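S.K.: Have a look; sequence and predicted model below, questions after that.
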Amino acid sequence: MVVADTGDIDAVARWKPQDATTNPSLLLAAAADPRYRPLLERSMAQAGGDAALSIDWLFVQFGREILKHIAGRVSTEVDARLSFDTEKSVEKARRLLTLYENAGVGRERVLIKLASTWEGIRAAERLEREGIHCNMTLLFSFAQAAACADAGVTLISPFVGRIYDWHRAQRKVADIPLEDDPGVASVARIYAYYKKHGYATQVMGASFRKTGQILALAGCDLLTIAPDLLEMLSKTEGEVERKLSLKMPSGEKITLDEKSFRWLHNDDAMATDKLAEGIRRFDADARKLEKLIVSLAAAAPAPAVPQPG
């Protein structure tokens with residue numbers, strides 16, 4: 001199943017994927033586009049001048065517009081600053097769902113995105129019990145994948161491209177062949193593990209750098225793809241061969257408590273680097289988005305003062 005990875009509503013309307021995902025970086029790019037200025041203005045009006053609430057409303061407004069063009073779900077991300085706070089993450093997720101419901105969108109059409117930290121996974125576990133479905137993002141290690149499955153989350157998004165980027169930089173090479181691509185191998189391993197042990201959690205490969213990585217993971221539950229790569233794939237001729245299957249080899253089942261999770265994740269230098277970097281990047285873009293909203297609010301004309309009759 002193809003999922004669009006974009007905040008560009010027009011691109012979603014063109015490609016008509018089953019689902020769509022957003023994040024602060026994607027929405028920052030979209031918010032700077034004059035086509036979407038009315039959504040920013042509407043969000044600020046609904047938030048009554050509260051910058052933080054304006055951000056929440058902006059995520060919901062974009063999500064609501066995207067849902068008009070797809071049959072499935074949209075993923076909306078919890079503030080990256082809450083990545084290590086289970087209670088605040090749960091609170092923010094509930095707030096986003098309330099805003100969606102106030103906007104006429106049912107919770108069955110929304111996935112809450114949380115960083116795959118230990119605290120984020122614990123938040124998702126609680127939210128799933130409340131019927132709030134979660135998409136675990138910034139997932140780079142097998143420890144994260146195993147813990148998410150045990151928590152019963154709806155969906156995980158292992159980041160193929162960012163894993164590839166890290167190893168390419170470490171090896172000091174311009175490219176890594178698909179047969180040796182560590183990002184592709186990571187998703188294949190997780191997919192095989194989930195299927196062997198009967199986990200209901202879906203695997204959605206994400207963050208691709210080239211079409212070959214996408215085609216190498218054909219057969220994955222879902223693949224979230226940026227519009228430029230969707231364009232390239234649309235020009236590819238021939239049948240797409242399924243690469244992942246239930247017959248792939250996989251490891252024995254593991255169960256992780258907090259200490260073992262942190263140790264296993266910490267043992268993967270790439271995963272620790274990319275998780276920390278991803279949280280910082282999403283936070284930085286969220287703060288830029290907040291500043292954009294504040295600047296727009298400051299530039300807006302003051303409301304007319306009623307004159308005495």
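M.R.: Received the coordinates, thanks.

S.K.: quick one: low-confidence ranges for the stretch 151-300 of the chain?
M.R.: 249, 300 (pLDDT under 70).

S.K.: Off-centre distance for the top helix by length along the chain?
M.R.: When the chain is parsed with DSSP state H, its longest helix is helix 269-299. Its chain's C-alpha centre and that of helix 269-299 lie 14 Å apart, by CA atoms, centre = their mean, to the nearest Å.

S.K.: same thing with stretch 257-269?
M.R.: Centroid separation between stretch 257-269 and its chain, computed with CA atoms, centre = their mean, is 22 Å.

S.K.: Which residues does it contact?
M.R.: 118, 140-144, 147, 256, 271-272, 275 (CB atoms under 8 Å, 6 or more residues apart in numbering). Heads up, the C-betas are built off the backbone N, CA and C, glycines and all.

S.K.: likewise stretch 168-179?
M.R.: 164, 167, 182, 184, 212-213, 216, 270.

S.K.: Widest-spaced pair of the residues you listed?
M.R.: Greatest spatial distance among the contacts of stretch 168-179 (CB to CB): Gly212 and Met270, at 20.2 Å.

S.K.: Give me the more crowded residue out of these two.
M.R.: Met270 (19 against 14; other CB atoms under 10 Å).

S.K.: Surely the more buried one touches Phe159?
M.R.: No - with contact defined as CB atoms under 8 Å, Met270 does not reach Phe159; the gap is 10.5 Å.

S.K.: my read: Ala271 touches Ser141, true?
M.R.: Yes - counting by CB under 8 Å, Ala271 touches Ser141, with 3.5 Å between them.

S.K.: now the strands for the stretch 1-150 of the chain?
M.R.: 2-5, 19-21, 74-77, 110-115, 134-139 (DSSP state E, counting those that start in this stretch).

S.K.: which neighbours does the shortest one have in its sheet, and in what orientation?
M.R.: The reference is to strand 19-21. Its sheet considered, strand 19-21 pairs with strand 2-5 (parallel), strand 74-77 (parallel) by DSSP bridges.

S.K.: Pick out the shakiest of the ones you listed, pLDDT-wise.
M.R.: Note on the strands paired with strand 19-21: strand 2-5 shows the lowest mean pLDDT, a mean of 77.

S.K.: what does that one contact?
M.R.: 11-12, 15, 17-21, 26, 70, 72, 204, 206-207, 222-227, 230.

S.K.: From the chain's centroid, how far away is that strand?
M.R.: On CA atoms, centre = their mean, the centre of strand 2-5 falls 11 Å from the chain's centre.

S.K.: what does stretch 59-70 give?
M.R.: 15 Å.

S.K.: Stretch 173-187 now?
M.R.: Worked out by CA atoms, centre = their mean, stretch 173-187 lies 21 Å from the chain centre.

S.K.: gap between the two ends of it?
M.R.: 22 Å (CA to CA, to the nearest Å).

S.K.: closest to Asp50 among the contacts of stretch 168-179?
M.R.: Met270 (38.5 Å).

S.K.: Find me whatever residue is spatially closest to the closest one, sequence neighbours aside.
M.R.: In space, and not counting its chain neighbours, Met270 is closest to Trp166: 4.6 Å by CB to CB, 6 or more residues apart in numbering.

S.K.: So which bits of the helix or strand harbouring the one you found are buried?
M.R.: Per DSSP states H and E: Trp166 is located in helix 160-171. By 16 or more other CB atoms under 10 Å, the buried positions in helix 160-171 come out as 160-168.

S.K.: Output it as PDB, nothing but the C-alphas.
M.R.: In PDB, the C-alpha atoms belonging to helix 160-171 read as follows (Å, rounded to 0.1, in the frame of the first residue of the first chain):
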ATOM      1  CA  VAL A 160      15.400   3.500   5.300                       C
ATOM      2  CA  GLY A 161      17.000   6.600   3.900                       C
ATOM      3  CA  ARG A 162      18.400   8.000   7.100                       C
ATOM      4  CA  ILE A 163      20.000   4.600   7.900                       C
ATOM      5  CA  TYR A 164      21.500   4.600   4.400                       C
ATOM      6  CA  ASP A 165      22.800   8.200   4.800                       C
ATOM      7  CA  TRP A 166      24.600   7.300   8.100                       C
ATOM      8  CA  HIS A 167      26.300   4.200   6.700                       C
ATOM      9  CA  ARG A 168      27.200   6.000   3.500                       C
ATOM     10  CA  ALA A 169      28.900   8.700   5.500                       C
ATOM     11  CA  GLN A 170      30.700   6.200   7.700                       C
ATOM     12  CA  ARG A 171      32.000   4.300   4.700                       C
END
